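Q: what would the 3D arrangement of this be:
(one chain, ligands or ions: 1)
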Amino acid sequence: MGGIFGLCSNNECVMDLFFGTDYHSHLGTRRGGMAVFDGEHYNRAIHNIENSPFRTKFEGDIAEMKGFAGIGCISDSNPQPIIIKSRIGTLAVVTVGRINNKQELAKQLIDEEGAYFTEMSGGGVNDTELVASLISRKDNVPDGIQYAQSKIDGSMTMLVLADGGIYAARDRYGRTPLSIGEKCGDEKGYCASLESSAYINLGYKACYSLGPGEVVFLTADSMTPVVKPRQQMKMCTFLWLYYGFPTSDYEGVNVEEMRYRCGQSMANQDVANKTAVEADYVAGVPDSGTPHAIGYANQSGIPFGRPLIKYTPTWPRSFIPKDQSLRNLIARMKLIPVERLIQNKKLLLVDDSIVRGTQLRGVMDELRSYGAKELHGRVACPPILYDCKYLNFTRTSKPNETISRQSIMKLEGTSTVSDSQVRQYTDCDSKKYRALVEEIRQRLNFDTLAYHSLSGMLDSVGIDKCKLCTYCWNGEE
Ligand code: SF4
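A: Residues are numbered from 1 along each chain as shown. The predicted structure is shown next:
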């Protein structure tokens with residue numbers, strides 16, 4: 001997916017930009033970038049961060065960069081920031097989102113307006129360059145941002161460094177959050193950040209959260225509304241469930257607290273459905289299942305335990321290798337078992353979600369090999385049935401590779417499955433849904449398996465349900 005951060009200060013801003021951007025490293029693994037403006041010139045650095053972290057790669061650049069305003073990104077797609085010279089001035093742009101109609105938009109700009117784009121390997125167009133080009137079609141930056149967002153099928157949140165400040169613009173349906181922080185005192189400034197926790201240690205305090213489609217203009221001493229928020233929102237529920245950093249708040253809801261509530265709700269669901277089991281420990285599948293497991297343990301009264309612990313010191317990054325078997329090997333090497341917490345024990349394992357299930361199956365095999373007596377699985381969201389079309393979340397190269405779709409294909413006796421066939425498996429009270437869960441249980445070798453209901457998961461967020469995106473689970477737009 002990726003993350004973005006930007007700030008305007010009455011002081012040198014590069015160190016704050018460096019750390020604020022780095023605090024988005026959990027959101028992307030491919031490229032990092034920063035651009036600063038010193039009042040006259042732009043200075044930019046972009047690095048590949050696939051094999052070493054953002055901080056290591058940019059240590060050398062921070063001594064060279066100087067400025068009072070800057071933007072940065074962690075990107076899972078094309079290199080950013082993009083800097084263009086246009087008829088509305090020089091613009092530096094970072095984006096997070098997804099453009100489904102990229103080829104059509106680029107072709108239209110090339111054919112009708114003589115635009116041109118940097119040729120990327122594979123012949124694609126850089127998303128952020130396309131956005132910058134769309135912005136520059138209009139007479140000023142705010143109109144350009146709205147024009148770009150209206151043309152894009154997908155979602156696009158962005159920061160545009162121009163006119164001596166930063167335009168912070170949230171995507172039209174608010175799929176991704178955008179929070180504004182303010183620093184007061186001798187050192188003054190405003191920052192815009194996808195993760196609201198990215199600026200806490202930099203001395204900024206949360207002062208505003210943008211609504212869907214809203215645009216504000218930041219300088220060192222002001223935040224000016226530019227475009228009003230739209231009513232309709234479809235914020236990505238997965239940010240609370242898994243992708244987001246636990247210390248952040250979105251729409252006033254803290255991520256870690258939501259995960260505890262999600263675990264509590266699953267424990268209550270087990271009682272209501274008479275599916276509660278006796279277990280020696282509740283354990284999270286490390287690390288993302290852990291907060292959900294804490295919530296489950298607190299509510300059920302079953303002690304929380306860690307039968308598998310992640311060896312973190314030398315594994316700062318995850319899922320880098322392209323090869324699936326190598327990724328599985330790395331996932332297995334990262335987790336070290338505590339035999340005394342496994343042998344002869346009944347464990348209730350909680351995970352945030354199951355995509356392919358390959359790594360979870362590896363965890364199951366390991367726990368069984370260390371003598372676990374019973375293994376029960378609880379998943380904090382319903383089965384994932386549809387591939388995200390709004391944000392660039394990397395899950396599988398093909399949607400039919402998810403364990404849910406693979407299981408449906410087996411149940412239907414087909415080698416492919418249509419969206420309408422899949423829809424029949426979304427109702428958790430249906431026979432088809434129960435057959436799907438049973439098929440997945442067998443594939444993963446659990447003694448019992450239960451998924452959280454959609455309504456239970458949405459209630460755990462706690463904001464109006466119609467403001468949350470549920471496309472992954474029920475295909476509803
Ligand atoms: S489809 Fe899923 S991952 Fe994509 S925005 Fe919606 S909730 Fe988030």
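
Q: from the ligand, how far out is Met364?
A: Distance, Met364 to the ligand, by C-beta to the nearest ligand atom, to the nearest Å: 25 Å. From N, CA and C alone the C-beta is placed, and that goes for glycine too.

Q: swap in Ser133?
A: Separation of Ser133 from the ligand (C-beta to the nearest ligand atom): 25 Å.

Q: who are the neighbours in contact with Ser248?
A: The contact partners of Ser248, by C-beta atoms under 8 Å, 6 or more residues apart in numbering, come to 177, 179, 195-198, 254-255.

Q: what's the closest of those residues to the ligand?
A: Checking the contacts of Ser248 against the ligand with C-beta to the nearest ligand atom, the nearest one is Pro177 at 11.8 Å.

Q: without its sequence neighbours, what residue ends up closest to the residue of the stretch 151-300 of the chain found nearest the ligand?
A: Per C-beta to the nearest ligand atom, Cys236 is where the stretch 151-300 of the chain lies closest to the ligand, at 3.2 Å. Nearest residue to Cys236, sequence neighbours excluded (C-beta to C-beta, 6 or more residues apart in numbering): Arg175, at 4.9 Å.

Q: count the residues that sit near that neighbour.
A: When neighbours are defined as other C-beta atoms under 10 Å, Arg175 has 28 of them.

Q: ditto for the one 5 residues further on
A: Around Ile180 sit 20 other residues, with neighbours defined as other C-beta under 10 Å.

Q: how much space separates it from Phe68?
A: Ile180 sits 17 Å away from Phe68, going by C-beta to C-beta, to the nearest Å.

Q: what does the domain assignment say about this structure?
A: Listed domain ranges for the chain are 2-232, 253-474 (source: automatic domain parsing).

Q: let me have those in JSON lines, extended by mean pLDDT and distance to Leu241.
A: Listed next are the domains of the chain as JSON lines, based on pLDDT from 0 to 100; distance: least, C-beta to C-beta, whole Å:
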{"stretch": "domain 2-232", "mean pLDDT": "95", "distance to Leu241": "14"}
{"stretch": "domain 253-474", "mean pLDDT": "92", "distance to Leu241": "6"}
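
Q: winner for burial among those domains?
A: Among those, ranked by average contacts under mean count of other C-beta atoms under 10 Å, first place goes to domain 2-232 (a mean of 20).

Q: and the residue most central in space within the chain, what does it touch?
A: Here the mean C-alpha position of the chain is nearest to the C-alpha of Tyr243 (C-alpha atoms, centre = their mean), at a distance of 3.9 Å. Contacts of Tyr243 were listed using C-beta under 8 Å, 6+ apart, and they are 1, 26-27, 236, 393.

Q: now, the residues you listed that are in helices?
A: Assigned to helices by DSSP state H, none of these qualify.

Q: ok but Arg378 is inside a helix, no?
A: No: counting by DSSP: H, G, I helix; E, B strand; the rest coil, Arg378 falls outside a helix, being strand.

Q: show me what the helix or strand harbouring Ala132 is packed against.
A: According to DSSP states H and E, Ala132 maps onto helix 127-135. Applying 3 or more C-beta pairs under 8 Å, 6 or more residues apart in numbering; DSSP states H and E, one finds that helix 127-135 contacts strand 82-86, strand 89-99, helix 102-113, helix 141-151, strand 154-162.

Q: between strand 82-86 and it, find me the angle.
A: 20 degrees (axes from the mean of the first three to the mean of the last three C-alpha atoms, to 10 degrees).

Q: contact residues of this structure facing the ligand?
A: 175, 236-238, 388, 390-391, 393, 469, 471-472 (C-beta under 6 Å from any ligand atom).

Q: what's the closest non-adjacent residue to the residue of the stretch 251-400 of the chain found nearest the ligand?
A: Closest to the ligand within the stretch 251-400 of the chain is Cys388: 3.1 Å, counting by C-beta to the nearest ligand atom. Leaving out its chain neighbours, the residue that sits closest to Cys388 by C-beta to C-beta, 6+ apart is Cys472, at 6.0 Å.

Q: now do the contacts for the one you found.
A: 237-238, 381, 384-388.
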